[in-house]
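Trainee: kindly generate the corresponding structure for this input.
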Amino acid sequence: MIELSGGILLGWALGANDAANVFGTAVASRMVRYRTATIVAAGFIVLGALAQGQAGFRTLGGLTVQTARTAMIVTAVAGATVLLIMALFRLPVSSSQAVIGAILGMGLYTAPREVQWSGLIKVVTCWVGTPVGAAVVAAALYPSLGRLFDRMRLNPIGRSILLRSLLLAGGAYGAYALGANNVANVTGVFYGTGVLEGADNSPLLLAMIGGASIAAGVLTFGRAVMLTVGRRLVQLGAFSALVAVLAEAVTVHVYAMIGVPVSASQAVVGAVLGIGLVKSPRTIHAGVLMRILFAWVVTPVWAGALCFLAAWAFL
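Mentor: Okay, here's the model as predicted:
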């Protein structure tokens, strides 16, 4: 059971970093209270992990061959360390990139000939497609939903109530998609290793442990990164926040059904940028965007290097 401690730490770090992805825009627009957002997010993350979180296990577990229990702990802790560092700098980075970078770092140290580069190409292609796809979805949703709201002819109070309700519902869906897609990042490295009795044949237990650890991170340490996405990248009103959440949730859920763990952070940033481009490119804070893009590039590199060096030192 001690082998899972690294995965639990990784899940906590993922939740701390990725809370922004489902409720950051809603909280920043002051339509949803932070406490409400974290409770709803935590509950639906666990639900998504249990219901649809097992599809990505085979994708992650098949990138390299890892049987040593110490290697699994080092891999999980390396990914978690990079995520926590980025969370301290309030940067919404990709947990998928951190985990897969760490897995590859360990694979290059222990069995470089066993690294499945074809599977890695598939994952990296999806990484690129995630923010682009979310931006396209957001750019399409923004005018279409706007026309729908205009036709409803709501007074300001009615519009506010509707937006608040939809932001809660959209955030819950986003949290469900996050749990379904990203739980593989937390416990996927343990799939097929026999670290838990019966876990090879029933990955539901791994999904439950991963989902609970992600939820714990959301509840305890998610506020700082949440405000980076919701306020500093593009200033969003309540309606724009709703579009961003829906675009992110749809994008991540599609990849969850495909079975490829992708970055909810990249999806929500792509969605926010899509809205910014539709409204006006001048609303995008270029400095914040460049910091986020830099973090995306270095996250897998740092995770892989850290894991490789840790393996060299301790294995």
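Trainee: use CA for all of it now, contacts and neighbours both
Mentor: OK.
Trainee: stretch 117-133 - what's its average pLDDT?
Mentor: For stretch 117-133, the mean pLDDT works out to 83.
Trainee: so what touches that stretch?
Mentor: Here stretch 117-133 makes contact (CA atoms under 8 Å, 6 or more residues apart in numbering) with 59, 62-63, 251-252, 260-263, 266-271.
Trainee: which regions of this structure sit below the pLDDT cut-off?
Mentor: In the predicted model of the chain, residues 1-3, 19-20, 58-70, 189, 192-202, 222-235 satisfy pLDDT under 70.
Trainee: which ones among the contacts of stretch 117-133 are found in helices?
Mentor: Residues of those located in helices (DSSP state H): Thr59, Thr251, Val252, Gln266, Ala267, Val268, Val269, Gly270, Ala271.
Trainee: burial count for the second one?
Mentor: As a burial measure, the neighbour count of Thr251 was computed by other CA atoms under 10 Å and equals 28.
Trainee: OK, contacts around it?
Mentor: Per CA under 8 Å, 6+ apart, neighbours of Thr251: Thr130, Gly133, Ala134, Val137, Ala267.
Trainee: so what touches the helix or strand where Asn17 lies?
Mentor: Assigned by DSSP states H and E, Asn17 belongs to helix 4-18. The contact list for helix 4-18, computed with CA under 8 Å, 6+ apart, reads 72-77, 79-81, 83-84, 86-87, 91-93, 95, 183, 186-187, 195, 209-223, 225-226, 264-265.
Trainee: let me have the contacts of Thr251 in JSON lines, extended by distance to Val298, secondary structure and neighbour count.
Mentor: Formatted as JSON lines, those follow (distance: CA to CA, whole Å; DSSP: H, G, I helix; E, B strand; the rest coil; neighbours: other CA atoms under 10 Å):
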{"residue": "Thr130", "distance to Val298": "17", "secondary structure": "helix", "neighbour count": "26"}
{"residue": "Gly133", "distance to Val298": "22", "secondary structure": "helix", "neighbour count": "21"}
{"residue": "Ala134", "distance to Val298": "22", "secondary structure": "helix", "neighbour count": "30"}
{"residue": "Val137", "distance to Val298": "27", "secondary structure": "helix", "neighbour count": "22"}
{"residue": "Ala267", "distance to Val298": "18", "secondary structure": "helix", "neighbour count": "29"}
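Trainee: quick one: those as CSV, columns for distance to Val297 too.
Mentor: Shown next, in CSV, are the contacts of Thr251 (distance: CA to CA, whole Å):
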residue, distance to Val297
Thr130, 14
Gly133, 18
Ala134, 19
Val137, 23
Ala267, 15
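Trainee: closest to Ala26 out of the residues you listed?
Mentor: The closest of those to Ala26 turns out to be Ala267 (CA to CA; 15.6 Å).
Trainee: list the contacts of that closest one.
Mentor: Counting by CA under 8 Å, 6+ apart, Ala267 has contacts Asn21, Thr130, Pro131, Val132, Gly133, Ala134, Ala135, Ala247, Glu248, Thr251, Val252.
Trainee: Ala177: which of those residues is nearest?
Mentor: Relative to Ala177, and with distances defined as CA to CA, the nearest of the contacts of Ala267 is Val252, at 6.0 Å.
Trainee: if we can go back for a sec, now the contacts of helix 4-18: which count as buried?
Mentor: The neighbour-count criterion (16 or more other CA atoms under 10 Å) marks 72-77, 79-81, 83-84, 86-87, 91-93, 95, 183, 186-187, 195, 209-219, 221-223, 225-226, 264-265 among the contacts of helix 4-18 as buried.
Trainee: show me what whichever helix or strand comes after the helix holding Asn17 is packed up against.
Mentor: Note on helix 4-18: by DSSP H and E, the next helix or strand toward the C-terminus is helix 20-28. Packing partners of helix 20-28 (3 or more CA pairs under 8 Å, 6 or more residues apart in numbering; DSSP states H and E): helix 34-52, helix 156-187, helix 223-227, helix 238-258, helix 264-279.
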